[in-house]
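Engineer: A structural model of the following input is requested.
(one chain, ligands or ions: 1)
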Amino acid sequence: MKCLICNSSSLHFLLNPFRGSSIYRCDSCTNAITIPAPEDKYEENRFYQKGEEDVQAYTAYSGLILDYIKNVKPEGNLLDIGCGAGYLLEEAGKAGYRAQGVDISKGAIAFCKKRRLNVRQGYFGRIKFPENYFDILVASHVVEHNPDPSLFVKKCRKLLKKDGLLFLSQTNYTGSVAKLLGRYWEGWVPNEHYSHFSPVGIEYLLSENKFRILRLSILPLGYKIICHFGNFSEIANSLYNTFNYLISRFKLIRPFSGDQMYILAVKDR
Ligand SMILES: [Zn+2]
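Structural biologist: Below is the predicted model of the structure:
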């Protein structure tokens, strides 16, 4: 077995998450992988219509991502990889971007099409997109679902124009909350996540594929964002969210580092 990011075979057992397979940490790049790897199948029934409260949360979350991008690139062609129900596409459209999306979920894509969003259904890796065309690519909690992160980033590089931006949001398994919760941390999702990112690991992946990081922020992973992917009940999620909020608000763990990363990188050279 080898690290999915740096190919090193120096891996050590880290823990067994609450549900499912083992997590191994790479000694070389500090990223982690799930062993055995998740089954490469997508379950359509995981998509469901969001309630009013969730729509508000997703819209706010999309706004946060766009704020991150706007300062560097206030306009252009944007592709949201794993666009889900299309809330980011809607907000990007309002902000003046020419936005399109791709998602594997037929339900999510039908929901997007009803609202006349520019979307395609299928795997990002298997769909042909124009090269040197996009100014911005967004992949929010997507790369960990890919068995070959490097291939994913290489394709992103091809589609981007010179100086194009890649925005990623990833869980940070080296964060304080993740460490404190250990095998109970919600970010593991071993039945779906091939990789578990650390700040060093994501930097390695991007620089190896000729991207330069402009900004890397570490923030808490909110329940409203993760609930779609998680295994816990609503009550457990609310407790988790409150706990995460208290720790980040009052810096209860020192040195505090959140369990989510926002990364903005530019196509380099
Ligand atoms: Zn590695």
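Engineer: could you grab the helix/strand/coil label for Ser169?
Structural biologist: What DSSP: H, G, I helix; E, B strand; the rest coil gives for Ser169 is strand.
Engineer: next, give phi and psi for the closest residue to it other than its chain neighbours.
Structural biologist: Excluding the flanking residues, the one nearest Ser169 by Cβ to Cβ, 6 or more residues apart in numbering is Ser140, at 4.5 Å. The way it works is simple: take the backbone N, C-alpha and C, and place the C-beta from them, glycine included. Here is the backbone geometry of Ser140 (degrees, to the nearest 10): phi -100, psi 110.
Engineer: ok, Ser140 touching Ile65?
Structural biologist: Yes. Between Ser140 and Ile65 there is a contact under Cβ atoms under 8 Å: 6.6 Å.
Engineer: joint contacts of these two?
Structural biologist: Shared contacts of Ser140 and Ile65 (Cβ atoms under 8 Å, 6 or more residues apart in numbering): Leu88, Phe167, Ser169.
Engineer: out of these, which are buried?
Structural biologist: Leu88, Phe167, Ser169 (16 or more other Cβ atoms under 10 Å).
Engineer: now do stretch 135-148, average pLDDT.
Structural biologist: Averaged over stretch 135-148, pLDDT sits at 96.
Engineer: to clarify, my last question referred to stretch 111-129.
Structural biologist: Stretch 111-129 shows a mean pLDDT of 96 in the predicted model.
Engineer: residues of that stretch that come out buried?
Structural biologist: Residues of stretch 111-129 classed as buried under the neighbour-count rule (16+ other Cβ under 10 Å) are Phe111, Cys112, Leu117, Val119, Arg120, Gln121, Phe124, Phe129.
Engineer: got a list of what the fourth one touches?
Structural biologist: Remark: with contacts taken as Cβ under 8 Å, 6+ apart, Val119 is in contact with Cys83, Gly86, Leu89, Gln100, Gly101, Val102, Asp103, Ile109, Cys112, Lys113.
Engineer: how does it look with 7 Å?
Structural biologist: By Cβ atoms under 7 Å, 6 or more residues apart in numbering, the contact list for Val119 reads Cys83, Gly86, Gln100, Gly101, Val102, Asp103, Ile109, Cys112, Lys113.
Engineer: tell me which of the residues you listed fall in helices.
Structural biologist: Residues of the contacts of Val119 located in helices (DSSP state H): Ile109, Cys112, Lys113.
Engineer: centre-most residue in the chain?
Structural biologist: Most central in the chain under Cα atoms, centre = their mean is His141, positioned 1.6 Å from the mean C-alpha point.
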